[in-house]
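S.K.: just the structure for this:
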Amino acid sequence: MIQKLLKEINNHIILDCIETWPNELVSYLESKLNDNEYATNIENCRSDLEQILHQTKFIGFHCTRLTDEEIKNIKAKGLNLKRSELLANRIDFLKKNDYDFSSINYLNPEEESYNGIFFNHCIRHLKDEYSYNRLFGFWGGESLSNYFDMRPTLLKKITEIGKPCIIVASLNYKEIKLADLPNNLLETYKNYSSLPSLNTLSNKYDDTYIFDSDGLVQNNVKVLNIIVYDNELFEQLTNYSSWNEAQI
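M.R.: Below is the predicted model:
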């Protein structure tokens, strides 16, 4: 199943999977590390790296919980990154499906403070139960789950809507809002060039090789796949069945 994923994301970079990095990037990093040029001429090397990265595409993983209708709409129309519209659509869904959430009348979609969706760019992060259990567990995103935090009965209800999903998206370099990505790539290659292959990923979350890889994406993105929890690949990527508080 992992090999199938790699074929789907051909010519895309997964940040913590060096086997997905283009040869041009690897060769450049190797040459600079061998002659120690990066340590003495950081700015030139960063500029060179950015030129290479502008020609590549990156994989982003967005962990969420979706209904069948939402999955269908994303596949047909793409991913809506306007948070006010997303919240308004979800409030409409609750009302149309007779959920007794009278308190949602106090939720104002126009008060959403920003647009965009956070994507993770490291595949090993997907096994991090602490970071992603809430995203997989509560339908409606942070706006609804945070609002219902003090309302346990209502919070329980939104764990019964939809199913855990991983949205796999194609992103351009300019769309990735990560601090000093060129330097992070070099440090990853320098320190972890022996990263295990995707085919030998541990069943447990391993943060040995991880740097902060969550970034807010605000432009429209191309969705390559939506991996649903009952897909074998979802389990391989997350080991979700072993999570203490997994919500199916």
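S.K.: which SSE is Ser143 in?
M.R.: Element membership of Ser143 [criterion: DSSP states H and E] is helix 141-147.
S.K.: may I have that helix as PDB, with CA atoms only?
M.R.: Provided in PDB are the C-alpha atoms of helix 141-147 (Å, rounded to 0.1, in the frame of the first residue of the first chain):
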ATOM      1  CA  GLY A 141     -12.700  21.200  12.700                       C
ATOM      2  CA  GLU A 142     -11.400  23.300  15.500                       C
ATOM      3  CA  SER A 143     -14.200  25.900  15.300                       C
ATOM      4  CA  LEU A 144     -16.900  23.400  16.300                       C
ATOM      5  CA  SER A 145     -14.800  21.200  18.700                       C
ATOM      6  CA  ASN A 146     -13.400  24.200  20.600                       C
ATOM      7  CA  TYR A 147     -16.900  25.800  20.800                       C
END
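S.K.: quick one: mean pLDDT for the next helix or strand after it?
M.R.: Under the assignment DSSP H and E, the closest C-terminal helix or strand after helix 141-147 is helix 152-157. Averaged across helix 152-157, pLDDT comes to 76.
S.K.: dump the next helix or strand after helix 152-157 to CSV, keeping only the CA atoms.
M.R.: Per DSSP H and E, the first helix or strand lying C-terminal to helix 152-157 is strand 163-172. Extracted in CSV, the C-alpha atoms of strand 163-172 (Å, rounded to 0.1, in the frame of the first residue of the first chain):
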residue,chain,number,x,y,z
LYS,A,163,-15.1,9.4,9.5
PRO,A,164,-11.4,10.0,10.0
CYS,A,165,-9.6,11.0,6.8
ILE,A,166,-6.2,12.1,5.5
ILE,A,167,-6.4,14.6,2.6
VAL,A,168,-3.2,14.3,0.5
ALA,A,169,-2.5,17.5,-1.4
SER,A,170,0.0,18.7,-4.0
LEU,A,171,1.6,22.0,-2.9
ASN,A,172,4.1,24.4,-4.6
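S.K.: who does strand 163-172 touch, helix- and strand-wise?
M.R.: strand 57-66, helix 129-137, strand 222-228, helix 232-238 (3 or more C-beta pairs under 8 Å, 6 or more residues apart in numbering; DSSP states H and E). Every C-beta, even on glycine, is put in place using the N, C-alpha and C of the backbone.
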